[in-house]
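In: Got a predicted model here, sequence first, then my questions.
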Amino acid sequence: MNNKKILLANCLLLLALLLFVLVPSIANHLFGLNGHISGNVSLLLSGSASVIALGGIALLYCLITKRKFKNVMVIKKMSIKQVYLTIFVACGTYIFAIGINSISMKLFPVAIKDSTQISNLLGSSSTLLGLLVVVLLPAFFEEIFFRGVFLDAYGGVNKKVKYFILTSIFASFHGNVMQIIYVMFLGLVLLLVREYTGSLVGSMTLHATNNAISFIISKALMNYMNIGLESSASKVAQQANVGFVAVLLQASIFFLIGGAILYTNLRKLKEYKEADSRTKGIEQEESNNSLKYIVEDEKYTVINEKIRNTKVEDSTKYIPLAIYFVSMAVLLVARY
């Protein structure tokens, strides 16, 4: 059954990519949005694509596998301590990411226009709409898709292999060359927080906090510190002209500070989970090799289930995934 779930998730990933490409085009055609599109409209299209593609497909996965939404997503309450530790992890992640992005900007100068486009979009859009589309929607819909559906489907896969595949999918799906290293790093931290908190609420909290910090700081710089859109784009371009050694030295400061905050609080989250498990006298729900869920749905039980129907070959289940990565590569080449 695990092979079939992986095949299903990989096929749904292709469907999600297709929807993300088609939804904006369909909206342009239906509402006559050809030509200049305002920042608010652009954000609305992005948010709509997230809701339709990621949210809709997550529900479709539950329907096909005949699972309850709450069982697939593993949504549980978090303690106050877990919440503030997760927020500290988000702060450390953001600081560490500044160093990653400065290096990425040096390695991929062709992607500088991405930063300019993001600055233009944030600067010309409503703050409230930005908080909804940039902060809240991704925190919910990306988590139920990437750390909900895919973590469930890949439950029986070796932990290291699983984490590598899931972070690669998450990073490539954003379609941003400059941010690909950072998003892979963020994807790994999100998986660890999901594991240590034992709930998708943990990764949602981290995701929302990280996006909120980035959004608020970006807005503040543009609106209150006299850094206009053109000036901001100019500073981004100047960053690419700084020597690589200087960039590394600058990044190392953020790595040290962010890494210390990140490591300390991730460790505390892990220790809290272990202590809580000992107190309750239960075993950890997630082992190094697999996630074991006891699901009491009426017609579905996953405990060492034998495949009674036609067995899906190991190589077959990854064919849609390979098609996805090739498609993303083509789209990125066409974009840049």
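Out: Happy to help now that I have it.
In: Hmm, residue 10 is touching residue 316, no?
Out: No. Taking CB atoms under 8 Å as the definition, residue 10 is not a contact partner of residue 316, at 9.9 Å. The C-beta positions use only the backbone N, C-alpha and C, and glycine is treated the same way.
In: who's more crowded, the two?
Out: Taking other CB atoms under 10 Å, residue 10 and residue 316 do not tie; residue 10 has more neighbours (23 against 13).
In: and the next element down the chain from the top helix by length along the chain?
Out: Taking DSSP state H as the criterion, the chain has its longest helix at helix 244-280. Using DSSP states H and E, the helix or strand that follows helix 244-280 towards the C-terminus is helix 319-335.
In: and that following helix, how far out from the chain's middle?
Out: 18 Å (CA atoms, centre = their mean, to the nearest Å).
In: can you list contacts of that helix?
Out: 7, 10-11, 13-14, 17, 21, 165, 168-169, 172-173, 175, 177 (CB atoms under 8 Å, 6 or more residues apart in numbering).
In: for stretch 144-157, same thing?
Out: Stretch 144-157 is contacted from outside by 2, 5-6, 8-9, 12-13, 16, 54-55, 57-58, 61, 67, 72-74, 162, 165-166, 169-170, 173, 187, 190-191, 194, 200, 203, 290-293, using CB under 8 Å, 6+ apart.
In: which of these count as buried?
Out: For those, a neighbour count by 16 or more other CB atoms under 10 Å gives the buried set as 2, 5-6, 8-9, 12-13, 16, 54-55, 57-58, 61, 67, 72-74, 162, 165-166, 169-170, 173, 187, 190-191, 194, 200, 203, 291, 293.
In: Restricted to helices, list those residues.
Out: 2, 5-6, 8-9, 12-13, 16, 57-58, 61, 72-73, 162, 165-166, 169-170, 173, 187, 190-191, 194, 200, 203.
In: lowest average confidence, helix or strand, in the protein?
Out: helix 229-240 (a mean of 48; mean pLDDT, DSSP states H and E).
In: what about residue 277, neighbour count?
Out: Neighbour count of residue 277, defined by other CB under 10 Å: 14.
In: Quick check, pLDDT for it.
Out: Per-residue confidence (pLDDT) for residue 277: 80.
In: Distance from stretch 177-189 to the middle of the chain?
Out: 8 Å.
In: which residues sit against that stretch?
Out: Here stretch 177-189 makes contact (CB under 8 Å, 6+ apart) with 89, 93, 96-97, 100-101, 103-105, 108, 110-112, 114-115, 146, 163, 166-168, 170-172, 174, 176, 206, 210, 262, 266, 332, 336.
In: Any idea how many residues pack against residue 183?
Out: Residue 183 has 22 neighbours, counted by other CB under 10 Å.
In: next one: phi and psi at it?
Out: Phi and psi for residue 183, reported as degrees, to the nearest 10, are phi -70, psi -30.
In: for residue 178, same thing?
Out: With angles defined as degrees, to the nearest 10, residue 178 sits at phi -60, psi -30.
In: what do you get for residue 174?
Out: Phi and psi for residue 174, reported as degrees, to the nearest 10, are phi -70, psi -20.
In: which stretches of the stretch 1-150 of the chain have low pLDDT?
Out: The stretch 1-150 of the chain contains residues with pLDDT under 70 at 1, 24, 27-39, 41, 110-125.
In: which residues touch residue 77?
Out: 199, 201.
In: now it: how far from residue 205?
Out: 12 Å (CB to CB, to the nearest Å).
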